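[1] A structural model of the following input is requested.
(chains A, B, C and D)
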Number of protein chains: 2
Amino acid sequence: MKIGEIAKAAGVTASRIRFYEKRGIIPPALRGENGYRDYSPDLVGTLRYIDQAQRLGFTLREIVDVEPGTGEHPVSCTVAIELLTEKLAAVDEVIAEAKERKQRIKALIAELDKTEAL
Amino acid sequence: MKIGEIAKAAGVTASRIRFYEKRGIIPPALRGENGYRDYSPDLVGTLRYIDQAQRLGFTLREIVDVEPGTGEHPVSCTVAIELLTEKLAAVDEVIAEAKERKQRIKALIAELDKTEAL
DNA sequence: ATAGGGTTTAAACCTAGGTTTAAGGTCAAG
DNA sequence: CTTGACCTTAAACCTAGGTTTAAACCCTAT
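    Model (predicted):
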């Protein structure tokens, strides 16, 4: 598959794929005679996986740590669970902080409402 | 007050204050004969206010919208309440998204746990 | 053969909110 | 009179994750 095809299939942009390759997140593509990148359809799954992981809040660095782009198989299940658990804690922290912000904003609104009622 | 003094008093860095001035978030400082910025202690409150607002999740652009750096008085209470209410909704969205991420990560962990138990 | 679409590269650009650096001026103390 | 702390500026740099652009090459259809 050419880069445009696989990009469409995976729902990402071609430039993003080149960027991932440059960053070592995916292995360097094979090349056709013309120099075009030539992908196995298998990479579609990997690209979707990366996209999902990013949506879950993982940075590219974290994604690389779990599944190095060198084509090696993923890290052990145990390690993956550890990383997921860490991320879970981080997400909990995000939620807690956001809730606190929410309360403070609500308090501010209440205060301004009082002021306006004068 | 010189910039270092007010920075310390407000709990921000001097470079941040210069940056705010450049961005028009605070009015240009008066200058002494030597060219040094010369601040009224009143600005301490403004700087603290900006810092707080940022912690509440407001961008500098939003902060400027509420209180233009040109030295004008703040926008009406009504407008401020509107902006705070918008931000409240945005924070709610952040919370909702984070919760969804959390559930998905938990599901992944559960799945991996099952796999590992095999 | 030529127009169009797709591909290649490196390098510049983008957001946001600053920090860091370089090169210099100022001020108070010793 | 010099040392050290502070101030000035513009401009470069930083993170993160890309996008955009320029200049060139390739392929297919007409």
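[2] What about contact with chain B: does the worst-scoring helix or strand of chain A on mean pLDDT have any residue there?
    Lowest mean confidence among the helices and strands of chain A (mean pLDDT, DSSP states H and E): helix A:60-66, at a mean of 87. No: on the criterion Cβ under 8 Å from any Cβ of the partner chain, helix A:60-66 is out of touch with chain B, staying 11.5 Å away. C-beta: built from backbone N, CA, C; applies to glycine.
[3] before we move on, what about stretch A:45-59?
    Yes: residues of stretch A:45-59 are located near chain B by Cβ under 8 Å from any Cβ, namely A:55-57.
[4] Let's have those in TSV, adding neighbour count, pLDDT and secondary structure.
    Below are those laid out as TSV (neighbours: other Cβ atoms under 10 Å in any protein chain shown; pLDDT from 0 to 100; DSSP: H, G, I helix; E, B strand; the rest coil):
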residue	neighbour count	pLDDT	secondary structure
A:R55	12	92	helix
A:L56	19	91	coil
A:G57	18	90	coil
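[5] Quick one: distance of the least confident helix or strand of chain A to the chain centre.
    Distance of helix A:60-66 from the chain centroid (Cα atoms, centre = their mean, to the nearest Å) equals 9 Å.
[6] Stretch A:97-111 now?
    29 Å.
[7] all strands of chain A, in order?
    A:30-31, A:37-38 (DSSP state E).
[8] near DNA strand C at all, the least confident helix or strand of chain A?
    No: against DNA strand C, helix A:60-66 shows no contacts by Cβ under 7 Å from any atom of the strand, the least distance being 14.8 Å.
[9] can you check stretch A:26-37 too?
    Yes: applying Cβ under 7 Å from any atom of the strand, one finds stretch A:26-37 touching DNA strand C at A:29, A:35-37.
[10] Restrict stretch A:16-28 to CA atoms and write it as CSV.
    In CSV, the C-alpha atoms belonging to stretch A:16-28 read as follows (Å, rounded to 0.1, in the frame of the first residue of the first chain):
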residue,chain,number,x,y,z
ARG,A,16,1.6,12.0,10.5
ILE,A,17,2.8,8.6,9.4
ARG,A,18,6.0,10.1,8.1
PHE,A,19,6.4,11.9,11.4
TYR,A,20,5.9,8.7,13.3
GLU,A,21,8.5,7.0,11.2
LYS,A,22,11.0,9.8,11.8
ARG,A,23,10.4,9.5,15.5
GLY,A,24,10.9,5.8,15.5
ILE,A,25,7.4,5.1,16.6
ILE,A,26,6.9,2.8,13.6
PRO,A,27,9.6,1.0,11.7
PRO,A,28,11.0,2.5,8.5
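[11] buried set for it?
    A:17, A:20-21, A:25-26 (16 or more other Cβ atoms under 10 Å in any protein chain shown).
[12] okay, among these, which ones form the most distant pair?
    Using Cβ to Cβ, the two most remote members of the buried residues of stretch A:16-28 are A:I17 and A:I25, lying 9.5 Å apart.
[13] about what we covered before: go through the buried residues of stretch A:16-28 and say which is closest to A:R104.
    A:I25 (38.0 Å).
[14] show me what contacts that closest one?
    A:50, A:60, A:63-64, A:69 (Cβ atoms under 8 Å, 6 or more residues apart in numbering or on different chains).
[15] swap in A:A10?
    A:A10 neighbours (Cβ under 8 Å, 6+ apart): A:17, A:43-44, A:47-48, A:51.
[16] go with 7 Å
    Contacts were defined as Cβ atoms under 7 Å, 6 or more residues apart in numbering or on different chains; by that measure A:A10 touches A:44, A:47-48.
[17] Throw the residues of stretch A:45-59 next to chain B into JSON lines and include distance to B:S76, thanks.
    What follows is the residues of stretch A:45-59 next to chain B, written out as JSON lines (distance: Cβ to Cβ, whole Å):
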{"residue": "A:R55", "distance to B:S76": "39"}
{"residue": "A:L56", "distance to B:S76": "41"}
{"residue": "A:G57", "distance to B:S76": "38"}
